[in-house]
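> next come a sequence and a model predicted from it.
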Amino acid sequence: MTTGILAYGAYIPRLRLQRKAIAEANGWLNPALKGLARGERAICNWDEDPVTMAVEAARDALVGRDRGGVRDLRFASTTFPFLDRLNAGVVAEALRLSEEIAASDVGATQRAATSALASALKGGAETLVVAAEKREARAASPLEMASGDGAAAVVIGDGEPLAVLKGSATRTVDFVDHYRTADSVYDYQWEERWIRDAGYMPTVPPLIGRCLAEAGVAAGDVTHFCMPATLPRVAGMVAKAAGIAEGAVRDNLAAVCGDTGAAHPLVMLVAALEDAAPGDRILVVGFGQGADALLFEVTPAIVKRPGNLGVKGHLARRREETGYAKFLAFNDTVEIERGMRAEADKLTPLSAMWRNREAVTGFVGGHCRQCGTLQFPRSRVCVNPNCNAVDSQDPHPFAEKRARINSYTADRLTYSPDPPACYGMIQFDDGGRWMMDFTDIDADELAVGQPMRMMFRIKDIDAQRGFRRYFWKAAPATGSAA
Amino acid sequence: MPQGIRDKVAILGMGCSKFGERWDMDAEDLMVEAYTEALGDAGIETRQIDAAWLGTAIEEQHVGKSGVPLAVALRLPYIPVTRVENYCASGTEAFRGAVYAVASGAADIALALGVEKLKDTGYGGLPQRGRGTLNNMTWPNLSAPGSFAQLAAAYRAKHGSAPEDLKRAMAHISVKSHDNGSRNPKAHLRNRITIDTVLNAPTVAEPLGLYDCCGVSDGAACAIVTTPDIARGLGKRDLISVKALQLSVSNGQEAQHNAWDGSYFATTRIASTRAYQEAGIDRPREQVNLMEVHDCFSVTELVTMEDLHISPEGRAINDVLDGFFDADGTVPCQIDGGLKCFGHPIGASGLRMIYEMYLQMQGKAGERQRKELPRIGLTHNLGGFPHQNVCSISIIGHHGA
């Protein structure tokens, strides 16, 4: 048995904000933004956050795998929605992982994901490492331009790995290029040239040297160099200083996705694995208060592609967004008039949420042992009028089931952060149905019979109490895993 | 099959407030307005009423809970007062309570009053409200138009109807109700509109536009009922009596079991079949002379014509466009303007419909009076959502008809 990366997956939100729209809105203030106005950045829909993206990336990595094998879940981010509530716990519940697993949130630095990955690779139980990030940025800030929202996940464990760790190195120093405190919403950042000259350059190339030495691999033999850095030319300069071939430096996805922060080393690693051939060597760096470097060697098993979407598939599942004002509204960067209907109390009784966690977070319904009818939610009395058996239902998960639209509307009266609210009756191909919210769909795409799949999303935000509740929504099945 | 309610209870008097945006009125004022008319019509005094039922749905918006608000508003002399709520069927539920009380012999004379004061929300449309602890966690934040609009998608898919044909029939329904409402001095909306007004209106919930939706109104309506013998004893002639009262309530099948296709109301089909049986009606299209149905949205009225077994399945569009349900058609529907234009103060609506039957059958409907007095009339309420609802049906008619 060899330890290594057993599976990989990713999630990039469907909406891609055109950087030109940001520059056009803010150029009057900061004309330099026009120089950055190339390409697009991934943005969360209003109902997405690092937790929902982590669930989707993990589902992508777990396509075709037995989830029962996962014994440890490590969730890396610097933008967790909850400071004191295990975010990984929500992810585990949504994925219906065993309650016997270990789970932890790893945060506070842009290299949280590489640190979690390095620690998982030290061996032990099968570990799902997932990273997701949705960085808040002030309007007209360079960070707003450079960032992208996204997530990636890998499964680490014993078995037939797709890639094995050949060497690693780490360094910890209190280098503060930017910071955010418990009291602040946005980052405070120092001068970029200083970050490059006093941060990346003195730190990363020597670290790579140590990592390669441990692996016994020459710098020239690195085939994929994953160097997340949004500062211009940093990746190339680091590669040159470390002796890595220019052609090995991987695209940092700035043009199509943006920098996904703490998730970016993992996003770039997954993108590299998607392109990798047996024998390739992938070097991944995470930078933040020091740095991590990990060198992987790709095995022949890589040719068995998992049939998931990964980075490529999610980048292709795309809708251009030119509405910068919408992006500001989604992120509460501006205070907009939401109307009195938005004042409805969204209190979540935590006791009821706990009691119903299987149905609400796990999307588990019932399968009647007597008549075979599938139903949601699971109930005491079977819904089939010819059965109505009592206490006859076994838990039956719906999250991975294919479904179709039975009826629909696009509602402009009810409150939605992104009107019109699209929802309708969803009917599962194997049986069962529920009146559900739709997401990632445009009103003109709605049709009876349209194939849909389930996605884990924010159901409601309780602004009064700072709580958010999650449930599943139906999204078009196009661009879903095979 | 139980014997049923047919001709056991007669209407002694009825009243109905003006519906609309009654900015100067509290719910208590509206109750008194409807009650004063009914009491005068019945020719009795308050002390003769043995029991009362109050129907109101969104009580947190106005009177609060219990039967107390009715007892206080009318100064009822410590009699039993029960408050009932069953979505938009609340008014008919109050009526059912009063009628059953008389039929059982527990009361000689009983009062049913429905009221709703909706226009204290600060915004248009129905008040926002929770759907229950667990439902709030999984249901969409569905509005009334958003849930009923879905009938259109499912109906088109089932019958292969062209979207334009369905839209045109829906528009005809609204134009007809505005015409009717213009002849009703108590109606909330009294303006005439054209097909183009409907088709060019802003969309509320695809494919429903503004004019596919009924008014949200303040109002009250009430009925005083008794036995036919007591009514005659009080000098009443040509009695209008209750032929059937049926209620059908979804049990989750439409919402959870894949048998239902979303294009019709399972409850209405069942409740109307039972009501016809109770009333001794076997050919509803020929025997029912007048209908007041729950036209919360134009598309609801359209599919309801089939669910009441008046139009054959898939043929409602044709009947509507042929004018079958117009005020001068074969079976007028919403001759008083309906929810669409008379208005929809939820708890009052069921009783308002019975009020119209009562007026029309006695030839007291003024400018909108049907020439040939209707003998048998049907009222219909739907509360909730197409996929999970409460349907009430009442059949009212000349005593012995």
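Right, received. Where do you want to start?
> now do the contacts for B:G329.
B:D322, B:G323 (C-beta atoms under 8 Å, 6 or more residues apart in numbering or on different chains). Placement of C-beta: from N, CA and C, glycine included.
> and the gap between it and chain A?
Going from B:G329 to chain A by C-beta to the nearest C-beta, to the nearest Å gives 30 Å.
> okay, and that residue sits in which element?
Under the criterion DSSP states H and E, no helix or strand holds B:G329.
> got the confidence number for it?
B:G329 is assigned a predicted lDDT (pLDDT) of 98.
> what's the domain layout of chain B?
According to automatic domain parsing, chain B comprises the domains B:10-118+B:218-233, B:142-208+B:239-398.
> now distance to A:T478 too, for those, in CSV please.
Putting these into CSV (distance: least, C-beta to C-beta, whole Å) gives the following:
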stretch, distance to A:T478
domain B:10-118+B:218-233, 38
domain B:142-208+B:239-398, 19
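> in chain B, which spans are strands?
B:10-16, B:51-55, B:81-84, B:109-116, B:203-205, B:208-209, B:219-226, B:240-249, B:290-292, B:376-385, B:388-398 (DSSP state E).
> could you do the stretch 101-250 of chain A as well?
Under the criterion DSSP state E, counting those that start in this stretch, the stretch 101-250 of chain A contains strands at A:102-106, A:127-133, A:150-159, A:163-172, A:178-179, A:188-189, A:224-226.
> just name the most buried of the ones you listed.
strand A:127-133 (a mean of 32; mean count of other C-beta atoms under 10 Å in any protein chain shown).
> which parts of the stretch 201-350 of chain A sit against chain B?
Contacts of the stretch 201-350 of chain A with chain B, taken as C-beta under 8 Å from any C-beta of the partner chain, map to A:G339, A:M340, A:R341, A:E343, A:A344, A:D345, A:K346, A:T348, A:P349.
> list the contacts for the residue nearest the centre of chain B?
Nearest to the mean C-alpha position of chain B, by C-alpha atoms, centre = their mean, lies B:G350 at 3.5 Å. B:G350 makes contacts with B:55, B:88-95, B:114, B:379, B:381, B:392, B:394, as judged by C-beta under 8 Å, 6+ apart.
> next, find the distance separating the residue nearest to A:E160 when sequence neighbours are not counted from A:L162.
Distance criterion C-beta to C-beta, 6 or more residues apart in numbering or on different chains; nearest residue to A:E160, sequence neighbours excluded, is A:A301 at 5.0 Å. Per C-beta to C-beta, to the nearest Å, A:A301 is found 5 Å from A:L162.
> more crowded one of the two?
A:L162 (25 against 16; other C-beta atoms under 10 Å in any protein chain shown).
> so what pLDDT did the nearest residue to that one once chain neighbours are set aside get?
Nearest residue to A:L162, sequence neighbours excluded (C-beta to C-beta, 6+ apart): A:I302, at 4.7 Å. Listed pLDDT for A:I302 reads 97.
> who touches A:I101 in this structure?
A:I101 neighbours (C-beta under 8 Å, 6+ apart): A:V70, A:R71, A:D72, A:L73, A:A92.
> need the phi and psi values for it.
phi -80, psi 160 (degrees, to the nearest 10).
> give me the neighbour count for the spatially closest residue to it that is not a sequence neighbour.
Nearest residue to A:I101 in three dimensions, chain neighbours excluded: A:R71, at 5.4 Å (C-beta to C-beta, 6+ apart). Number of residues near A:R71 (other C-beta under 10 Å) recorded here: 16.
> from chain B, how far off is A:R71?
29 Å.
> flag the shaky bits of the stretch 51-200 of chain A, pLDDT-wise.
For the stretch 51-200 of chain A, applying pLDDT under 70 flags no range at all.
> confidence score at the residue of the stretch 301-401 of chain B found nearest chain A?
Proximity of the stretch 301-401 of chain B to chain A (C-beta to the nearest C-beta) peaks at B:H387, 5.7 Å away. pLDDT, B:H387: 97.
> phi and psi next, for it.
phi -90, psi 0.
> residues touching it, list them.
B:H387 neighbours (C-beta under 8 Å, 6+ apart): A:M425, A:M435, B:S147, B:Q150, B:S250, B:E254, B:A255, B:W260, B:G262.
> give me the distance between it and A:V63.
With C-beta to C-beta as the criterion, B:H387 and A:V63 are 32 Å apart.
> find the nearest non-adjacent residue to the residue in chain A sticking out farthest from the centre, please.
In terms of distance from the mean C-alpha position of chain A, A:N386 ranks first, at 43.7 Å (C-alpha atoms, centre = their mean). The shortest distance from A:N386 to any non-neighbouring residue, by C-beta to C-beta, 6+ apart, is to A:C371 (7.0 Å).
> give me every residue that touches B:C222.
B:C222 makes contacts with B:M14, B:G15, B:C16, B:M31, B:A34, B:Y35, B:A38, B:L111, B:A112, B:L113, B:G114, B:L351, as judged by C-beta under 8 Å, 6+ apart.
> nearest residue to B:N141 other than its sequence neighbours?
A:T414 (5.1 Å).
> so the one you found makes contact with B:S143?
Yes. Using C-beta atoms under 8 Å, A:T414 is in contact with B:S143, at 3.9 Å.
> what touches both of those two?
What both A:T414 and B:S143 touch, as defined by C-beta under 8 Å, 6+ apart, is the set B:A205.
> mind checking how far the residue nearest to the centre of chain B is from A:G449?
Per C-beta to C-beta, B:G350 is found 37 Å from A:G449.
> which pLDDT value goes with residue 367?
Picking chain A for this. 98.
> my question was about chain B
97.
> quick one: the closest residue to it other than its chain neighbours and chain A, what's the gap?
The spatial neighbour of B:E367 that comes closest, neighbours along the chain excluded (C-beta to C-beta, 6+ apart), is B:R183 at 4.4 Å. According to C-beta to the nearest C-beta, B:R183 stands 29 Å off from chain A.
> quick one: B:R183 and B:A365 touch, right?
No. With contact taken as C-beta under 8 Å, B:R183 and B:A365 are classed as non-touching, separated by 9.0 Å.
> and B:L151, what is it in contact with?
A:S407, B:G262, B:S263, B:Y264, B:V299, B:T300, B:V303, B:P386.
> re the thing from before, which of the contacts of A:I101 fall in strands?
Using DSSP E, those in strands are A:D72, A:L73.
> of the contacts of A:I101, which is the nearest to chain B?
A:A92 (18.7 Å).
> for chain B, what's the longest helix?
helix B:163-182 (DSSP state H).
> can I get that helix in PDB, CA atoms only?
Only the C-alpha atoms of helix B:163-182 are listed here, as PDB (Å, rounded to 0.1, in the frame of the first residue of the first chain):
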ATOM      1  CA  PRO B 163     -48.700  29.500 -24.500                       C
ATOM      2  CA  GLU B 164     -50.500  32.200 -26.400                       C
ATOM      3  CA  ASP B 165     -53.800  30.400 -26.200                       C
ATOM      4  CA  LEU B 166     -53.500  29.800 -22.500                       C
ATOM      5  CA  LYS B 167     -52.500  33.400 -21.900                       C
ATOM      6  CA  ARG B 168     -55.400  34.700 -24.000                       C
ATOM      7  CA  ALA B 169     -57.900  32.500 -22.100                       C
ATOM      8  CA  MET B 170     -56.400  33.800 -18.800                       C
ATOM      9  CA  ALA B 171     -56.800  37.300 -20.100                       C
ATOM     10  CA  HIS B 172     -60.400  36.700 -21.000                       C
ATOM     11  CA  ILE B 173     -61.000  35.600 -17.500                       C
ATOM     12  CA  SER B 174     -59.600  38.800 -16.000                       C
ATOM     13  CA  VAL B 175     -61.400  41.100 -18.500                       C
ATOM     14  CA  LYS B 176     -64.700  39.300 -17.700                       C
ATOM     15  CA  SER B 177     -64.200  39.700 -13.900                       C
ATOM     16  CA  HIS B 178     -63.400  43.400 -14.300                       C
ATOM     17  CA  ASP B 179     -66.600  43.900 -16.400                       C
ATOM     18  CA  ASN B 180     -68.500  42.200 -13.600                       C
ATOM     19  CA  GLY B 181     -66.800  44.100 -10.900                       C
ATOM     20  CA  SER B 182     -67.700  47.400 -12.500                       C
END
